[in-house]
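Asker: coords below, sequence missing:
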């Protein structure tokens, strides 16, 4: 029978390995998804999709995998409701906070950063969408769930992606 000290060390080692394994798994998922999108593009699927939408979707994929690596628990992607126009790019739990995440993607860095594209109209749309999403939660959780609005700027430059994450980018009001 192993000593309790050995068992405790073994559990701690396995927990560290689980974190490592989860990161490797996310990396493998991202690699596979990107290869599938590349294959689809080479076969001409989605060729009628406007380039700016293709760029936006690529940025959302990059943000999705990076946020998962950082511990966000994604619960919805491109969430819509029939009652409102618009969508929420990502909805995720970060610790105890429910995050409504807007992703802005650019293929070059300009004088104005990508995150500046979220004007007051877009913020109001996101707030309305957040209220609609919260109505899907049990009533007891609605008032007690901390909510924040995050913005992720993704720059797709020369085959690499650069991200900037802005937690609590703007308030409820």
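Answerer: Ah, there it is. All of these numbers come straight from a predicted model, not from anything done at the bench. Residues are numbered from 1 along each chain as shown.

Asker: Domains in the protein, by residue range?
Answerer: 1-48, 50-170 (automatic domain parsing).

Asker: Can I get the ones you listed in JSON lines including mean pLDDT and mean neighbour count?
Answerer: Yep, even glycine has a C-beta here, placed from its N, CA and C like the rest. Listed next are these as JSON lines, based on pLDDT from 0 to 100; neighbours: other C-beta atoms under 10 Å:
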{"stretch": "domain 1-48", "mean pLDDT": "66", "mean neighbour count": "11"}
{"stretch": "domain 50-170", "mean pLDDT": "92", "mean neighbour count": "15"}
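
Asker: Next, the residue nearest the centre of the chain: secondary structure please.
Answerer: Nearest residue to the geometric centre of the chain (C-alpha atoms, centre = their mean): residue 64, 3.6 Å. On the three-state scheme (DSSP: H, G, I helix; E, B strand; the rest coil), residue 64 is labelled helix.

Asker: what is residue 76 paired to in the beta sheet?
Answerer: For residue 76, the beta-bridge partners are residue 91 (DSSP bridges).

Asker: What distance do you get for it to residue 144?
Answerer: Relative to residue 144, residue 76 is positioned 20 Å away (C-beta to C-beta, to the nearest Å).

Asker: Thought residue 103 was touching residue 58, still the case?
Answerer: No: using C-beta atoms under 8 Å, residue 58 is not in contact with residue 103, being 10.2 Å away.

Asker: where do the helices sit along this protein?
Answerer: 4-42, 51-69, 120-134, 139-142 (DSSP state H).

Asker: Show me the contact partners of the last one.
Answerer: Right, helix 139-142. For helix 139-142, the external contacting residues (C-beta atoms under 8 Å, 6 or more residues apart in numbering) are 134, 135.

Asker: Enumerate every residue touching residue 162.
Answerer: Residue 162 touches 154, 155, counting by C-beta under 8 Å, 6+ apart.

Asker: same thing but 6 Å
Answerer: residue 155 (C-beta atoms under 6 Å, 6 or more residues apart in numbering).

Asker: Compute the distance between it and residue 107, please.
Answerer: According to C-beta to C-beta, residue 162 and residue 107 sit 11 Å apart.

Asker: One more: residue 171?
Answerer: With C-beta to C-beta as the criterion, residue 171 and residue 107 are 30 Å apart.

Asker: phi, psi of residue 136?
Answerer: Phi and psi for residue 136, reported as degrees, to the nearest 10, are phi -80, psi -10.

Asker: quick check, distance from stretch 149-166 to the centre of its chain.
Answerer: Chain-centre distance of stretch 149-166: 11 Å, with C-alpha atoms, centre = their mean, to the nearest Å.

Asker: Actually, stretch 28-35.
Answerer: Between the centre of stretch 28-35 and the centre of its host chain there is 16 Å, according to C-alpha atoms, centre = their mean.
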